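Engineer: After the sequence you'll find the predicted model.
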Amino acid sequence: MDTKTLFKSIGREMRADFEKSAEIKHTGSKGTVRENILRQFLAKGRLPEKYGLGSGEIVGRIRDTSRQSDLIVYDKLNGVTLLYDETVQVFPIDCVYGIIEVKSERSKIEFLDALEKIKVFRAILEAGVIYHHCRPFERCIDSDQITSEAWPLALSYGEDSLFQFFCSLHDICARMQLGPVELTHYYDPPVRIGRHVVFGRGVEGELVKPGTEPRKVRIAELTVDQVINWCAAHGRMRYGDVLKMRFGSIPMGMETEAGIDREVFLYNSNNLRGLHEMGPNPITMRDGYATVEPSLATAIELLIDGELYVIAALTDADYEPVGGA
């Protein structure tokens with residue numbers, strides 16, 4: 001059998017169905033019909049049973065969520081959905097092989113929109129196919145292959161475009177080895193703040209001021225950068241020594257913990273004192289509210305890009321409203 005001829009015939013049938021849908025005036029409905037045409041093509045035994053086809057959003061391990069995706073190829077055997085509806089699902093990134101965007105027009109806006117959404121697989125079902133190339137005759141279709149040395153190349157495959165698309169989709173999925181889906185990563189995930197990944201108690205909270213509603217706030221990107229730059233200039237310290245500075249001694253039961261000798265950063269730009277250095281009455285009244293004199297004892301511990309930072313003396317000004325609230 002001539003498989004190229006076979007797929008040319010299938011492609012002509014699909015194009016005819018696409019052209020019929022052009023009579024639909026509503027853009028969203030037209031797009032849905034065309035997504036379903038492609039979905040039906042892939043669902044009819046053209047992908048192994050372990051691959052499922054969904055539509056919706058993808059949740060990452062850093063509290064990030066993709067935009068709405070037309071088609072999501074996921075692990076049907078070992079994957080899970082965090083939200084399931086007949087038309088929309090939400091998948092953890094661990095069980096996703098890639099996404100497919102179906103575009104009815106070849107405009108710059110539509111093309112850039114597709115590139116913005118697509119994370120693993122980049123393909124457009126149209127009159128041609130865009131690939132990345134690196135070494136001579138090497139076609140780069142995996143994310144790891146597409147480096148700064150690769151360059152995009154558009155080829156007009158004409159009626160062979162469907163076959164090229166299908167081959168790339170299948171081969172990308174076949175090469176990928178997904179790890180286990182560990183849902184605990186999604187219970188309390190870290191947050192991306194600017195270019196940094198931040199995790200720990202104190203990243204977010206509520207700002208309460210007299211006479212106003214509580215506001216949800218998050219540590220500001222400027223503050224994170226300030227902490228990192230200050231600590232880079234002052235170097236690391238042994239975690240056990242940081243505890244002694246904060247409390248006067250290592251708290252009971254922590255002396256033999258594995259992380260006691262870990263090198264960490266201490267951010268103490270205001271040279272705050274430890275708890276053992278405070279006076280007998282560190283509590284004062286201000287505007288009718290009891291306040292505690294700042295000290296190293298109230299420092300928070302955050303993981304920033306995988307490094308442990310003990311951060312003292314943050315104020316309300318170091319936080320910003322979440323979502324522009």
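Structural biologist: Noted; the coordinates are in hand. Numbers count the residues shown, from 1 in each chain.

Engineer: Quick one: list the elements packing against the helix ranked longest in the chain.
Structural biologist: Scanning the chain for the helix with the most residues, using DSSP state H, yields helix 3-21. Using 3 or more C-beta pairs under 8 Å, 6 or more residues apart in numbering; DSSP states H and E, the elements in contact with helix 3-21 are helix 27-43, helix 161-175. Where you see a C-beta, it was placed from the backbone N, CA and C, and this is true even at glycine.

Engineer: can I get the CA coordinates of the shortest one in PDB?
Structural biologist: Output for helix 161-175, consisting of C-alpha atoms alone and laid out as PDB, is shown next (Å, rounded to 0.1, in the frame of the first residue of the first chain):
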ATOM      1  CA  SER A 161       0.900  18.000   5.100                       C
ATOM      2  CA  LEU A 162      -1.600  15.700   7.000                       C
ATOM      3  CA  PHE A 163       0.800  12.800   6.800                       C
ATOM      4  CA  GLN A 164       3.700  14.900   8.000                       C
ATOM      5  CA  PHE A 165       1.600  16.300  10.800                       C
ATOM      6  CA  PHE A 166       0.500  12.800  11.900                       C
ATOM      7  CA  CYS A 167       4.000  11.300  11.700                       C
ATOM      8  CA  SER A 168       5.400  14.100  13.900                       C
ATOM      9  CA  LEU A 169       2.700  13.900  16.500                       C
ATOM     10  CA  HIS A 170       3.000  10.100  16.700                       C
ATOM     11  CA  ASP A 171       6.800  10.100  16.900                       C
ATOM     12  CA  ILE A 172       7.000  12.900  19.500                       C
ATOM     13  CA  CYS A 173       4.600  11.000  21.800                       C
ATOM     14  CA  ALA A 174       6.400   7.700  21.200                       C
ATOM     15  CA  ARG A 175       9.700   9.200  22.200                       C
END
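
Engineer: helices or strands up against the helix or strand that comes right after that helix?
Structural biologist: Using DSSP states H and E, the helix or strand that follows helix 161-175 towards the C-terminus is strand 191-193. The elements that strand 191-193 packs onto, with contact taken as 3+ C-beta pairs under 8 Å, 6+ apart, are strand 196-199, strand 215-219.

Engineer: Could you export those strands as a markdown table, including mean neighbour count and distance to Leu38?
Structural biologist: Output for those, formatted as a markdown table (neighbours: other C-beta atoms under 10 Å; distance: least, C-beta to C-beta, whole Å):
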| stretch | mean neighbour count | distance to Leu38 |
| --- | --- | --- |
| strand 196-199 | 18 | 35 |
| strand 215-219 | 18 | 39 |
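
Engineer: I'd like those strands as a markdown table, with distance to Met245 and mean pLDDT appended.
Structural biologist: Shown next, in a markdown table, are the helices and strands packed on strand 191-193 (distance: least, C-beta to C-beta, whole Å; pLDDT from 0 to 100):
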| stretch | distance to Met245 | mean pLDDT |
| --- | --- | --- |
| strand 196-199 | 23 | 96 |
| strand 215-219 | 22 | 94 |
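
Engineer: Reformat these into JSON lines and put distance to Val96 next to each item.
Structural biologist: As requested, the helices and strands packed on strand 191-193 are exported to JSON lines (distance: least, C-beta to C-beta, whole Å):
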{"stretch": "strand 196-199", "distance to Val96": "20"}
{"stretch": "strand 215-219", "distance to Val96": "27"}
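
Engineer: so which of these comes closest to Ala299?
Structural biologist: strand 215-219 (13.5 Å; C-beta to C-beta).

Engineer: who does that closest one pair up with?
Structural biologist: Strand 215-219 has the following strand partners under DSSP bridges: strand 204-207 (antiparallel), strand 319-321 (antiparallel).

Engineer: helix or strand right after it?
Structural biologist: helix 221-234.

Engineer: Give me the buried positions along that next one.
Structural biologist: Neighbour-count burial for helix 221-234, counted by 16 or more other C-beta atoms under 10 Å, picks out 223-224, 227-228, 231.

Engineer: picking up where we left off before, most packed of the strands paired with strand 215-219?
Structural biologist: Ranked by mean neighbour count, the strands paired with strand 215-219 are led by strand 319-321 with a mean of 17 (mean count of other C-beta atoms under 10 Å).

Engineer: who's in contact with it?
Structural biologist: Here strand 319-321 makes contact (C-beta atoms under 8 Å, 6 or more residues apart in numbering) with 205, 207, 215-220, 223.

Engineer: Can you find the helix or strand of the chain with the lowest average pLDDT?
Structural biologist: helix 108-117 (a mean of 55; mean pLDDT, DSSP states H and E).

Engineer: Quick check: Tyr51 touching Ala174?
Structural biologist: No - with contact defined as C-beta atoms under 8 Å, Tyr51 does not reach Ala174; the gap is 9.6 Å.

Engineer: quick one, which of the two is more surrounded?
Structural biologist: Tyr51 (20 against 12; other C-beta atoms under 10 Å).

Engineer: got the contact list for the more buried one?
Structural biologist: By C-beta under 8 Å, 6+ apart, the neighbours of Tyr51 are 73-76, 97, 173.

Engineer: Over to Met237?
Structural biologist: 263-266.

Engineer: so which helix or strand takes in it?
Structural biologist: strand 236-238.
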